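Colleague: structure here, sequence nowhere to be found:
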């Protein structure tokens, strides 16, 4: 028995650790103990079937870098994003700038159309107010000044531009050049009319007074004619009274025809002067008598009283006519200016109407805007499309990486389970 006991430890020490628990269990009742090296002795590489049946994980940095974008596809994703953002910002800035410029041009075009339309209206108003000014209407002169100032401001603003309006497009400038010449002539004519405001007012009032007094002269002359008929006056007296009646009517007609559309009527001026002289000669002959006209002096008190009243009213009319004759040079100058303005009125209206039509055809989208607006929109679209492509690619890459990590975690879990099962089996 002793040799057997002495040999047992020796053999036990030389035996494999897998057999040690069995010996310990056979000789001792205590709980079995084993060396922790049992877990490490099981090689994880002994079973490789699980690793071969799963996708290998993608190592960061080994995937394809190109994003498929031209020119910048091989750059780093961060650099690609910066470039695409820069392109998009340039495109957006260009769109905003060109859109603002288009709105500005549209506003300027609207202002120019308003100026052309206003100038056309003012040209017609100027012609109308000048006619009233020539007739001596005091209220017409401020209208003449206002109309010509507005006309000049609008046309010159379109021609050269001002603080509130840009100059008209080049295709309209040729028409504006001819219109400007007419406007300059209209300004000169209007200033000539305004310069004669005092004379025109005086002459206008005188002509209206003569026209009104001619009716009163006619009434008195008809009364004298009736008295002469009652008195059985001589044929020479009746003829003279008939002439007075005729002259009173012609005085009113001459006053009405004094101003014509062509200017001061020379016939009316001559007839007015001649009729006033003849009227005084006949009336004075009926009062005092005139041998050359075979007229006796008036003896009837009532008839004489009427003749004296007629002469008194005549003197007032003659004074008015003298005022007209005194202001005749200024009146002629104003009338010539008004005639020039009237002759230019229709060509000016047509020219301004043509300017309005040309401005209406002009578009707010100039050649520069038509080029840069689509280009800016294209740049913005390219930047947005590139960023979207990078975003989709990153999402797909992240999803693939997440899936690979999940597969790797499952593989490691299965590997750990396999090792644990092997260890349990070994125990």
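Modeller: Ah, there it is. All of these numbers come straight from a predicted model, not from anything done at the bench.
Colleague: show me the shaky parts of the protein.
Modeller: Low-confidence segments of the chain (pLDDT under 70): 1-67, 163, 259-266, 363-368.
Colleague: which helix in it runs the most residues?
Modeller: The residue-count maximum for a helix in the chain (DSSP state H) belongs to helix 367-426.
Colleague: how far does that one sit from the chain's center?
Modeller: 52 Å (C-alpha atoms, centre = their mean, to the nearest Å).
Colleague: for that helix, packing partners?
Modeller: For helix 367-426, the elements it packs on are helix 37-41, helix 49-52, helix 77-134, judged by 3 or more C-beta pairs under 8 Å, 6 or more residues apart in numbering; DSSP states H and E. C-betas here are computed from N, CA, C, even on glycine.
Colleague: can I get those in JSON lines with mean neighbour count?
Modeller: Converted to JSON lines, these look like this (neighbours: other C-beta atoms under 10 Å):
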{"stretch": "helix 37-41", "mean neighbour count": "12"}
{"stretch": "helix 49-52", "mean neighbour count": "10"}
{"stretch": "helix 77-134", "mean neighbour count": "18"}
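Colleague: make JSON lines from the ones you listed and add distance to residue 229 to it.
Modeller: As requested, those are exported to JSON lines (distance: least, C-beta to C-beta, whole Å):
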{"stretch": "helix 37-41", "distance to residue 229": "164"}
{"stretch": "helix 49-52", "distance to residue 229": "152"}
{"stretch": "helix 77-134", "distance to residue 229": "43"}
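Colleague: looking at those helices, which is closest to residue 392?
Modeller: helix 77-134 (12.6 Å; C-beta to C-beta).
Colleague: residue 75: what's it in contact with?
Modeller: residue 83 (C-beta atoms under 8 Å, 6 or more residues apart in numbering).
Colleague: need the phi and psi values for it.
Modeller: With angles defined as degrees, to the nearest 10, residue 75 sits at phi -80, psi 170.
Colleague: equivalent analysis for residue 139, please.
Modeller: Torsion angles, degrees, to the nearest 10, at residue 139: phi -70, psi -10.
Colleague: and it, how far is that from residue 201?
Modeller: 11 Å (C-beta to C-beta, to the nearest Å).
Colleague: who has more neighbours, the two?
Modeller: Neighbours per residue, other C-beta atoms under 10 Å: of residue 139 and residue 201, the larger number sits with residue 201, 18 against 9.
Colleague: tell me the SS of that one?
Modeller: helix (DSSP: H, G, I helix; E, B strand; the rest coil).
Colleague: that one and residue 135 touch, don't they?
Modeller: No - contact between residue 201 and residue 135 fails when scored by C-beta atoms under 8 Å: they sit 9.8 Å apart.
Colleague: on that earlier part again, closest to residue 390 out of the helices and strands packed on helix 367-426?
Modeller: Closest to residue 390 of these, according to C-beta to C-beta: helix 77-134, at 6.1 Å.
Colleague: look at residue 298 and tell me its secondary structure.
Modeller: Residue 298 is classified as coil under three-state DSSP.
Colleague: how about it, what does it touch?
Modeller: Counted by C-beta under 8 Å, 6+ apart, residue 298 has contacts 286, 287, 289, 304, 307.
Colleague: which ChimeraX command selects the buried ones in those residues?
Modeller: Those of the contacts of residue 298 that count as buried under 16 or more other C-beta atoms under 10 Å are selected in ChimeraX with:
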select :286,287,304,307
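Colleague: please tabulate the contacts of residue 298 in a markdown table, including the columns distance to residue 384 and secondary structure.
Modeller: Below are the contacts of residue 298 laid out as a markdown table (distance: C-beta to C-beta, whole Å; DSSP: H, G, I helix; E, B strand; the rest coil):
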| residue | distance to residue 384 | secondary structure |
| --- | --- | --- |
| 286 | 107 | helix |
| 287 | 108 | helix |
| 289 | 114 | coil |
| 304 | 110 | helix |
| 307 | 105 | helix |
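Colleague: can you count the residues close to residue 329?
Modeller: 11.
Colleague: centre of the chain to the strand or helix carrying it, how far?
Modeller: If you go by DSSP states H and E, residue 329 is part of helix 328-361. The chain centroid and the centroid of helix 328-361 are separated by 26 Å under C-alpha atoms, centre = their mean.
Colleague: what does stretch 174-184 give?
Modeller: 22 Å.
Colleague: buried set for that stretch?
Modeller: Of the residues in stretch 174-184, those buried (16+ other C-beta under 10 Å) are 175, 176, 179, 180, 182, 183.
Colleague: from those residues, which ones fall inside strands?
Modeller: If you go by DSSP state E, the buried residues of stretch 174-184 have nothing in strands.
Colleague: picking up where we left off before, how about the contacts of residue 298 in CSV, adding distance to residue 145?
Modeller: CSV is the format used below for these (distance: C-beta to C-beta, whole Å):
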residue, distance to residue 145
286, 50
287, 50
289, 56
304, 53
307, 48
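Colleague: quick one on the thing from earlier: looking at the buried residues of stretch 174-184, spot the one nearest residue 211.
Modeller: residue 182 (35.2 Å).
Colleague: ok, and the closest non-adjacent residue to the closest one?
Modeller: Spatial nearest neighbour of residue 182, excluding adjacent residues (C-beta to C-beta, 6 or more residues apart in numbering): residue 348 at 4.5 Å.
Colleague: and the one you found, how many neighbours?
Modeller: 27.
Colleague: OK, contacts around it?
Modeller: Counting by C-beta under 8 Å, 6+ apart, residue 348 touches 123, 179, 182, 183, 186.
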